[in-house]
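S.K.: the sequence and its predicted three-dimensional model are supplied below.
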Amino acid sequence: MLKRTALLIGVLTMVRACVVALVVLAWQGYCFEQRRFVPAQEIERVAIASVLASYPPSVELARWRQKDGNLSVTYGRPSHPVTFTGVDHFLALNPHACQMVARGWEGHAPSPISRLLGYETYIVRLRYPVRFYENGRLRAVPDEHFVSVNRCGRVVTP
């Protein structure tokens with residue numbers, strides 16, 4: 001009887017240790033599907049590629065004061081943007097554009113359960129100037145994007 005109890009305690013301890021190990025790996029961003037930790041550089045490149053897929057973004061094109069004193073702002077996609085040939089070109093022009101952050105737009109952060117299940121693990125902030133030609137002049141307007149990425153390096157669509 002004592003041997004059976006000791007064996008049962010040993011088995012339960014091993015099962016508990018395996019569950020704890022799996023939870024810790026999941027929390028740290030281990031991709032079980034690919035059997036590896038996806039490097040931060042790869043996650044950033046995926047985020048950049050997703051932003052470039054819909055480039056150029058809508059930016060502030062004009063700002064002026066009306067006669068009554070109210071401020072008016074016009075937003076839109078630039079008609080003559082300076083485009084990027086790919087992620088490497090983007091990084092060459094904007095080497096410090098990417099940053100992994102804990103919170104994104106309006107304080108959004110991955111919930112603990114979505115992080116454990118791998119639905120949303122990382123938030124990448126991209127800050128870079130959107131360059132475009134306006135009336136023959138080159139303009140650069142700062143822009144910021146937050147991209148959610150899961151632990152296997154795929155963009156999470158909101």
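M.R.: On my side now, so go ahead.

S.K.: this protein: strands as residue ranges?
M.R.: Secondary structure of the chain by DSSP state E: the strands cover 30-31, 36-37, 59-65, 71-76, 98-101, 122-134, 137-149, 155-156.

S.K.: low-confidence ranges, this structure, go.
M.R.: Per-residue confidence for the chain (pLDDT under 70) gives these ranges: 158.

S.K.: run a quick neighbour tally on the closest residue to Leu71 other than its chain neighbours.
M.R.: Distance criterion Cβ to Cβ, 6 or more residues apart in numbering; nearest residue to Leu71, sequence neighbours excluded, is Arg65 at 6.0 Å. Placement of C-beta: from N, CA and C, glycine included. By other Cβ atoms under 10 Å, 9 other residues sit near Arg65.

S.K.: hang on, the earlier thing: tabulate the strands of the chain (a markdown table), appending distance to Leu7.
M.R.: Putting the strands of the chain into a markdown table (distance: least, Cβ to Cβ, whole Å) gives the following:
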| stretch | distance to Leu7 |
| --- | --- |
| strand 30-31 | 31 |
| strand 36-37 | 35 |
| strand 59-65 | 67 |
| strand 71-76 | 68 |
| strand 98-101 | 45 |
| strand 122-134 | 42 |
| strand 137-149 | 44 |
| strand 155-156 | 44 |
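
S.K.: how long is stretch 24-34 end to end?
M.R.: 17 Å (Cα to Cα, to the nearest Å).

S.K.: list the contacts of it.
M.R.: Stretch 24-34 is contacted from outside by Arg36, Phe37, Val38, Arg115, Leu116, Leu117, Gly118, Thr121, Tyr122, Arg151, Cys152, Gly153, using Cβ atoms under 8 Å, 6 or more residues apart in numbering.

S.K.: mind running it again at 7 Å?
M.R.: By Cβ atoms under 7 Å, 6 or more residues apart in numbering, the residues outside stretch 24-34 that reach it are Phe37, Val38, Arg115, Leu116, Gly118, Thr121, Arg151, Cys152.

S.K.: ok, now how distant is the closest residue to the second one other than its chain neighbours from Ala40?
M.R.: Read it as Val38. Nearest in space to Val38, with sequence neighbours left out and distances taken as Cβ to Cβ, 6+ apart, is Gly153 at 4.3 Å. Going from Gly153 to Ala40 by Cβ to Cβ, to the nearest Å gives 10 Å.
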